[in-house]
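Undergrad: Provide a 3D model corresponding to the input given below.
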Amino acid sequence: MSFEDYFGWDDSDELEMSIRFLVGLSPAMLQRGYIVDETRVNLAEHRGPSSIAACQLCAGVAAVEVLKLLLGRGGVRLAPWATQFDAYRMRLVRTWRPWGYRNPLQRLMIMLLKVQLKAMVQRASKRSAP
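TA: Here you go, the predicted model:
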């Protein structure tokens, strides 16, 4: 599946692209329930919460997948398959989203994320108002 088929950026503005990218990278949205500091999420500024541990985990997984490809050892799952590991909760989830961003579950997650982001922006504006 191509990048465009999975994420669907051709007809999207920058905010929509960010939302589709987030949902495409973490379709199980394991992290959704425990974002403590909402001010760390700002898609317009291309910012989101992360930790060096998560970055190192992702780099390690990516390196092993490349090694498997180089050695011809197979077992690499490509889109529309996704694997998400939540180290905080020690949960591993594999998802399958045929049709990529067009999948009904992906569309639902995109819609829910838009609602959640709108609510976050409203709370932030209330906090910053005098």
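
Undergrad: Residue 80 reaches residue 2, doesn't it?
TA: No. Counting by CB atoms under 8 Å, residue 80 does not reach residue 2; the two are 10.8 Å apart. (C-beta placed from N, C-alpha, C; glycine too.)

Undergrad: Looking at those two, which is more packed in?
TA: residue 80 (19 against 8; other CB atoms under 10 Å).

Undergrad: Output the below-cut-off pLDDT ranges for the chain.
TA: 130 (pLDDT under 70).

Undergrad: now the strands for it?
TA: Ranges of strands within the chain are 81-86, 91-96, based on DSSP state E.

Undergrad: Among the ones you listed, which comes closest to residue 52?
TA: Checking the strands of the chain against residue 52 by CB to CB gives strand 81-86 as the closest, at 15.7 Å.

Undergrad: Can you give the distance from the longest helix anywhere in the chain to the centre of its chain?
TA: Criterion DSSP state H: the longest helix present in the chain is helix 104-128. The gap between where helix 104-128 is centred and where its chain is centred comes out at 14 Å by CA atoms, centre = their mean, to the nearest Å.

Undergrad: got the angle between that helix and strand 91-96?
TA: Following axes from the mean of the first three to the mean of the last three CA atoms, to 10 degrees, one obtains 130 degrees for the angle between helix 104-128 and strand 91-96.
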